[in-house]
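Undergrad: this one's sequence-less:
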Ligand SMILES: Nc1ncnc2c1ncn2[C@@H]1O[C@H](COP(=O)(O)OP(=O)(O)OP(=O)(O)O)[C@@H](O)[C@H]1O
């Protein structure tokens with residue numbers, strides 16, 4: 001299986017002198033094209049730092065990252081930023097939308113920087129995505145006039161605008177009630193089934209149990225991996241039991 005991301009012995013430290021510590025302490029990770037993975041672990045174990053390191057949002061202090069066969073650590077920051085903008089999508093716990101723009105314009109905004117595309121094309125893509133995730137009727141609304149789940153759907157639309165090869169999600173369901181969280185996971189599963197890789201960082205065992213491979217972190221290292229199959233929508237209780245058992249076993 002082709003790897004979309006390969007991280008090799010990644011080291012990332014914060015602080016100086018006595019305060020210096022490794023948030024990532026030699027992490028190696030590989031994600032297959034089309035795979036749906038998650039990263040769990042206690043607060044401060046390095047999950048978000050790993051996501052930032054793999055996506056190039058943060059520089060490394062050691063190790064390498066390759067994306068789609070290209071060694072990203074050898075690239076200049078602007079080349080890296082280009083790959084991030086065109087081939088990676090990001091969703092966060094709270095989408096960072098601008099208050100003075102409506103939902104449609106917020107979704108379109110990052111794509112407007114790409115002068116190879118025209119506004120009509122960008123608008124058409126945004127509207128198609130909004131329809132697909134069930135928020136077509138909300139395009140003129142302010143970001144304060146929609147629910148958290150609807151706002152996250154808009155966040156997914158924005159992340160998908162550039163047809164990314166991978167979606168990175170840092171606690172994308174963390175601010176949502178369980179029904180909205182499940183709906184967001186249904187959307188991500190559907191996107192994944194069409195071939196887009198997805199990597200989620202989550203505290204929530206129920207969310208992780210819907211992914212096909214879970215990596216558990218502690219103290220800046222991946223300490224265990226649980227291989228599940230792709231989620232068919234039926235066996236969540238059994239999957240959650242397996243996640244809970246592994247968490248007990250490794251003490252995270
Ligand atoms: N910008 C930063 N400056 C200094 N220390 C940082 C920075 N970002 C992360 N850290 C430290 O690196 C370690 C890992 O943080 P990280 O946010 O990756 O953990 P996490 O597992 O995602 O935690 P959480 O679940 O609470 O979000 C922590 O000790 C954190 O304090």
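TA: Cool, got the structure. Note that the structure is predicted; figures quoted are calculated from it, not measured. Numbers count the residues shown, from 1 in each chain.
Undergrad: do you know how far residue 27 is from residue 212?
TA: Here the criterion is CB to CB, to the nearest Å. By it, residue 27 lies 20 Å from residue 212. Where C-beta positions appear, they are placed from N, C-alpha and C, glycine not excepted.
Undergrad: Residue 97 too?
TA: 30 Å.
Undergrad: re earlier: and residue 27 and residue 212? which has more neighbours close in?
TA: residue 27 (25 against 20; other CB atoms under 10 Å).
Undergrad: The stretch 151-252 of the chain: helices as residue ranges?
TA: Using DSSP state H, counting those that start in this stretch, the helices assigned to the stretch 151-252 of the chain run over residues 178-193, 205-208, 236-250.
Undergrad: ok, now the stretch 1-150 of the chain?
TA: So, for the stretch 1-150 of the chain - with DSSP H, counting those that start in this stretch - the helices run 47-55, 77-87, 103-108, 119-132, 148-160.
Undergrad: Need the residues that contact the lowest-mean-pLDDT helix or strand in the chain.
TA: When the helices and strands of the chain are scored by mean pLDDT, DSSP states H and E, helix 77-87 comes last with a mean of 90. Under the criterion CB atoms under 8 Å, 6 or more residues apart in numbering, residues 55-57, 67-68, 70, 72, 75, 110, 113-114, 162, 164-166 lie in contact with helix 77-87.
Undergrad: Repeat that for stretch 189-203.
TA: Residues contacting stretch 189-203 (CB under 8 Å, 6+ apart): 4-5, 31-40, 43, 47-48, 50-51, 54, 89, 156, 160, 164-174, 188, 207-208, 210-211, 230-231.
Undergrad: Just the buried ones out of these, please.
TA: 4-5, 31, 34-40, 47-48, 50-51, 54, 89, 156, 160, 164-174, 188, 207-208, 210-211, 231 (16 or more other CB atoms under 10 Å).
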